[in-house]
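J.: Sequence first, then the predicted structure, then my questions.
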Amino acid sequence: MNGESPLYQRDPEAWQAYLAEGNRVQPRKRVGADVLFRDQTGNVLIVEPQYKPGWDLPGGMAEANEAPVAAAAREVAEELGLAWSGGRLLVLDWVPPHGPWDDSLMFVFDGGLLTLSEQQDITLSSDELASYAFVPAEEAPAKVGPRLARRLDAALRAMADGVTVYLHDGRTVEPVVPPR
């Protein structure tokens, strides 16, 4: 480097401008965050949105600069009227572009067991959800679309195994081994 110091040391303002330009032009990812709640018998809570077909897990899309777990907590409060403060990450799923959507990162957090009192406190958002149901864990994947079914199945396994799983479109990713 001819003995010159790097830009970040030589001209901090130019370095900040360089970073800001990179932030402006680099791609951004959509982020979604769902929560896997269960009842005392192991049934899974699924919700029926009014704005799209089929069943889903409670949760939704993160807002700009919102942490995934905060997005999940906000969505749970909005959709179900429940205060949830976060839980263990079960799944991180990279979803490739499909239909009109760019790629996204989808998180699934462990919501734990809802007590009978918490279940009775569920208040559906009138403009988002039509209904909710607790369904047996083995039946839940069949109630949701194929992409979410793979993610939900992985989340149930991750919960049982005490691990976090990284997926590509709901499928386990083989470790990447650099070429020699």
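T.: Cool, got the structure.

J.: list the buried ones in the longest helix seen in the chain?
T.: When every helix of the chain is counted residue by residue (DSSP state H), the longest turns out to be helix 146-161. Buried residues in helix 146-161, counted by 16 or more other Cβ atoms under 10 Å: 148, 150-156, 158-159. The way it works is simple: take the backbone N, C-alpha and C, and place the C-beta from them, glycine included.

J.: What helices and strands are in contact with it?
T.: Packing contacts for helix 146-161, counted by 3 or more Cβ pairs under 8 Å, 6 or more residues apart in numbering; DSSP states H and E, involve strand 30-38, strand 89-95, strand 104-113, helix 140-143, strand 165-168.

J.: Most tightly packed of the ones you listed?
T.: A comparison of those by mean neighbour count, using mean count of other Cβ atoms under 10 Å, puts strand 30-38 on top with a mean of 23.

J.: Tell me the helix or strand right after that one.
T.: For strand 30-38, the succeeding helix or strand toward the C-terminus, using DSSP states H and E, is strand 44-49.

J.: Can you name the residues in contact with that following strand?
T.: 36-39, 54-58, 79-80, 111, 114, 128-137, 140, 143-144, 152, 156 (Cβ atoms under 8 Å, 6 or more residues apart in numbering).

J.: ok, now which ones touch residue 105?
T.: 29-32, 68, 92-95.

J.: Would you reformat those residues as CSV and include pLDDT and distance to residue 102?
T.: Rendered in CSV, the data for the contacts of residue 105 read as follows (pLDDT from 0 to 100; distance: Cβ to Cβ, whole Å):
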residue, pLDDT, distance to residue 102
29, 88, 8
30, 93, 7
31, 96, 12
32, 97, 12
68, 98, 17
92, 97, 17
93, 97, 15
94, 96, 12
95, 95, 10
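
J.: Nearest residue to residue 140 in space, ignoring adjacent ones along the chain?
T.: residue 44 (4.2 Å; Cβ to Cβ, 6 or more residues apart in numbering).

J.: This completes my enquiry, with thanks.
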